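Enquirer: give me a 3D structure for the following:
(2 chains)
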Amino acid sequence: MDSPTPTDGIAVKRHRLSTRLWHWLNAALLYVLFTSGLGIFNAHPRLYWGQYGANFDHAWLELERFPGWITLPGLYNLAMSRHWHLTAAPIFAFALLFYMLWSLANRHVTRDLAFRRDDLRPRHIWQDIKDHARLRFPTGQAALRYNVLQKASYVGVIFILLPLVILTGLTMAPGMNAAWPWLVDLFGGRQSARSLHFIAAFALAAFFIVHILMVILAGPINEVRSMLTGRYRVPEERP
Amino acid sequence: MILTRRMALLGAGAMLTGCDRLASHDSVRKALFSAENFRRWAQRSLMARDALAQEFRPDQISPIFRANGTANPNTPAYKALWRNGFADWRLAVTGLVERPLSLSLAQLRTLPHREQITRHDCVEGWSAIGKWRGVPLRTILEGARLRDTARYIVFRCADDMGGGRPYYESIDLIDAFHPQTILAFALNDAPLTVANGAPLRLRVERQLGYKQAKYLMGIEAVATLDGIGKGKGGFWEDYAGYDWYAGI
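Expert: Numbers count the residues shown, from 1 in each chain, chains lettered A, B, ... in the order given. Now for the predicted structure:
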């Protein structure tokens, strides 16, 4: 692979300030949104497809209430869950919007996140999957670029999952349905949108778990420091 | 560094109790509760004043329209009205109006109707689609000649929520004069059942279910919500901390 370079073992500037600020704001907001969202879900732990859905209608998923250790507030309180959720949601949505625009403007998207032709070669993707499976993390210069699976998950989260969770969330507001009826139609009705909101939230939770796992396996101190200060120590090349 | 499930649970628990503790501070509570104003402003900015809630086709109606909240007011006064087929029931229109009214169900039925198949969205998350027929609130307010000082319309209900606290709700004039805001006396082509609010209930279609006051006894035009109930504009707003603006 890459030949040894002078960057080995030295600290380099890795993450921009905008990325770091957004990352930690997101971490806090997603935490509040997920846990308060489970609190809201507990008011009616059934999911439906289509325009309508209530107790007499067919639910495609019916769950027990989520336990207090993972809901906000810990004791069931629909009004407080909604206050948390609906206060955090607009901040979260506008932060994403600004981050997207900012990342387009400063070329973070085109430089770091956009797939290159090489990235998408089946053999390259397969190699990347094998490397991940063997927990062989990139070293040297390669560690400074996102690999194809990383790009896919970051692009998927930023441009698909987060917009989906925000738009399906908006769709659950009766006022928004009057303002933007096309949005609820796009998702096939309010109860479909509610189901998609729930699925997207759990997809984000899955991303969170894999993300934390990868940080721990790749070296938590270096990774967390790079997201706090921006400085990243380049892993030395394997002999 | 090994993150065990136990540590994750403890961490999550600590953060959540942290959030709960935060919410017990007056300033945080106030900020959380006042975010409602932003949402009302944002929604009202995004939608035309008379933007209509979605209406549906007859084949999209829920097979069973779920009733929620009070299933039967069961007070002696309500039972007496019900036994008589609501012939003695009157809707009192009072407050900041030049011509207070007292309307019977028969009188309401002679007024121009609006029929709408709309989706009822409960704050809990479920939805039911039903076909409502009723008198536009605008018609009543114009008949009673609202005074310029009126800012809100308060809906007084027959159901007692315990301890002599009747259910009530309120909306502002933007929603009061909205074309789909009606006082409904029929659901799915049948007179309202007791569970769904007989003899008359409010439909304010751009807001959540708890605003759709059932068992209406009176509507009152007021300049301020202070002094009514606990002043938050509705029973659940007063006692459960729900938002007064329920467009979200």
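Enquirer: tell me where chain A has strands.
Expert: A:11-13, A:46-47, A:61-62, A:231-233 (DSSP state E).
Enquirer: which of the ones you listed sits closest to residue A:189?
Expert: Nearest to residue A:189 among those is strand A:46-47 (12.4 Å), distances taken as C-beta to C-beta. Where C-beta positions appear, they are placed from N, C-alpha and C, glycine not excepted.
Enquirer: report how many residues lie close to the closest residue to residue A:181 other than its chain neighbours.
Expert: Leaving aside its sequence neighbours, residue A:181 sits nearest to residue B:54 (C-beta to C-beta, 6 or more residues apart in numbering or on different chains; 5.2 Å). The burial count assigned to residue B:54 is 19, neighbours taken as other C-beta atoms under 10 Å in any protein chain shown.
Enquirer: wait, residue B:54 sits on residue B:120?
Expert: No. Residue B:54 lies out of contact with residue B:120 (C-beta atoms under 8 Å); the separation is 11.8 Å.
Enquirer: tell me where chain B has strands.
Expert: Going by DSSP E, chain B shows strands at B:90-95, B:101-104, B:114-121, B:127-136, B:152-160, B:166-172, B:182-187, B:190-191, B:201-203, B:216-222.
Enquirer: quick one: low-confidence parts of chain B?
Expert: Filtered on pLDDT under 70, chain B yields the residue ranges B:1-16.
Enquirer: please state the offset of the helix ranked longest in it from the chain centre?
Expert: Counting by DSSP state H, the longest helix found in chain B is helix B:26-46. Taking the mean of its C-alpha atoms, helix B:26-46 sits 19 Å from the chain's own mean (C-alpha atoms, centre = their mean, to the nearest Å).
Enquirer: ditto for stretch A:213-221
Expert: With C-alpha atoms, centre = their mean, you get 17 Å for stretch A:213-221.
Enquirer: does chain B sit close to it?
Expert: Yes. Interface with chain B: stretch A:213-221 contributes A:216, A:220 (C-beta under 8 Å from any C-beta of the partner chain).
Enquirer: one step back: quick one, phi/psi of the residue nearest to residue A:181?
Expert: Backbone torsions for residue B:54, taken as degrees, to the nearest 10, come to phi -60, psi 140.
Enquirer: try residue B:163
Expert: phi 70, psi 30.
Enquirer: excluding its backbone neighbours, what's nearest the closest residue to chain A within chain B?
Expert: Going by C-beta to the nearest C-beta, chain A is nearest to residue B:247 of chain B, at 2.8 Å. Beyond its immediate neighbours in the sequence, the residue positioned closest to residue B:247 (C-beta to C-beta, 6+ apart) is residue A:175, lying 2.8 Å away.
Enquirer: which ones are touching the one you found?
Expert: By C-beta atoms under 8 Å, 6 or more residues apart in numbering or on different chains, the contact list for residue A:175 reads B:43, B:47, B:206-207, B:247-248.
Enquirer: could you redo the last one with a cut-off of 7 Å?
Expert: Counting by C-beta atoms under 7 Å, 6 or more residues apart in numbering or on different chains, residue A:175 touches B:43, B:47, B:206, B:247-248.
Enquirer: if you rank those residues by neighbours, which is first?
Expert: residue B:206 (27 neighbours).
Enquirer: how close does the residue lying closest to that residue once chain neighbours are set aside sit to residue B:204?
Expert: In this structure, residue B:206 finds its nearest non-sequential neighbour in residue A:178, 4.7 Å apart by C-beta to C-beta, 6+ apart. Residue A:178 is 11 Å from residue B:204, where distance means C-beta to C-beta, to the nearest Å.
Enquirer: cool, residue B:232 as well?
Expert: 17 Å.
Enquirer: between the two, which one's more packed in?
Expert: More crowded of residue B:232 and residue B:204, by other C-beta under 10 Å: residue B:204, with 24 against 20.
Enquirer: for the more buried one, give me its contacts.
Expert: Here residue B:204 is in contact with B:171, B:175, B:181, B:211-212 (C-beta under 7 Å, 6+ apart).
Enquirer: now those residues in JSON lines, with neighbour count and distance to chain A?
Expert: Shown next, in JSON lines, are the contacts of residue B:204 (neighbours: other C-beta atoms under 10 Å in any protein chain shown; distance: C-beta to the nearest C-beta, whole Å):
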{"residue": "B:171", "neighbour count": "26", "distance to chain A": "13"}
{"residue": "B:175", "neighbour count": "22", "distance to chain A": "10"}
{"residue": "B:181", "neighbour count": "24", "distance to chain A": "12"}
{"residue": "B:211", "neighbour count": "28", "distance to chain A": "9"}
{"residue": "B:212", "neighbour count": "24", "distance to chain A": "11"}
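Enquirer: what is the most widely separated pair among those?
Expert: Going by C-beta to C-beta, the pair spanning the contacts of residue B:204 furthest: B:175 and B:212, at 11.6 Å.
Enquirer: show me the shaky parts of chain A.
Expert: Using pLDDT under 70, chain A drops low at A:1-8, A:238-239.
Enquirer: and the residue nearest to the spatial centre of chain B, how far is that from residue A:79?
Expert: The centre of chain B sits closest to residue B:211, judged by C-alpha atoms, centre = their mean, with a distance of 1.3 Å. Distance of residue B:211 to residue A:79, given as C-beta to C-beta: 14 Å.
Enquirer: equivalent analysis for residue A:211, please.
Expert: Counting by C-beta to C-beta, the gap from residue A:211 to residue A:79 is 32 Å.
Enquirer: swap in residue A:221?
Expert: 41 Å.
Enquirer: quick one, which of those two is more surrounded?
Expert: When residue A:221 and residue A:79 are compared for neighbours, residue A:79 comes out ahead with 18 against 10, by other C-beta under 10 Å.
Enquirer: which non-adjacent residue is nearest residue 158?
Expert: Going with chain A. Residue A:158 sits nearest to residue A:100 (C-beta to C-beta, 6+ apart), 6.9 Å away.
Enquirer: hmm, no, I was thinking of chain B.
Expert: Residue B:158's closest residue in space is residue B:215 (C-beta to C-beta, 6+ apart), at 3.9 Å.
Enquirer: also residue B:197?
Expert: Per C-beta to C-beta, 6+ apart, closest to residue B:197 is residue B:214, 2.8 Å.
Enquirer: contacting residues for the one you found?
Expert: Here residue B:214 is in contact with B:69-70, B:157, B:159, B:196-197, B:201 (criterion: C-beta under 7 Å, 6+ apart).
Enquirer: quick one: buried ones out of these?
Expert: The neighbour count (16 or more other C-beta atoms under 10 Å in any protein chain shown) marks B:69-70, B:157, B:159, B:196-197, B:201 as buried among these.
Enquirer: nearest to residue B:239, of these?
Expert: Checking the buried ones among the contacts of residue B:214 one by one against residue B:239 (C-beta to C-beta), the nearest turns out to be residue B:69, at 12.9 Å.
Enquirer: can you pull the contacts of the closest one?
Expert: residue B:214 are the contacts of residue B:69 under C-beta under 7 Å, 6+ apart.
Enquirer: how far away is it from residue B:161?
Expert: Distance of residue B:69 to residue B:161, computed by C-beta to C-beta: 9 Å.
Enquirer: next: residue B:78.
Expert: Going from residue B:78 to residue B:161 by C-beta to C-beta gives 13 Å.
Enquirer: the closest residue to residue B:133 other than its chain neighbours pairs with what?
Expert: Closest residue to residue B:133 apart from its sequence neighbours, by C-beta to C-beta, 6+ apart: residue B:186 at 4.1 Å. Note on residue B:186: beta-bridge partners by DSSP bridges are residue B:133, residue B:191.
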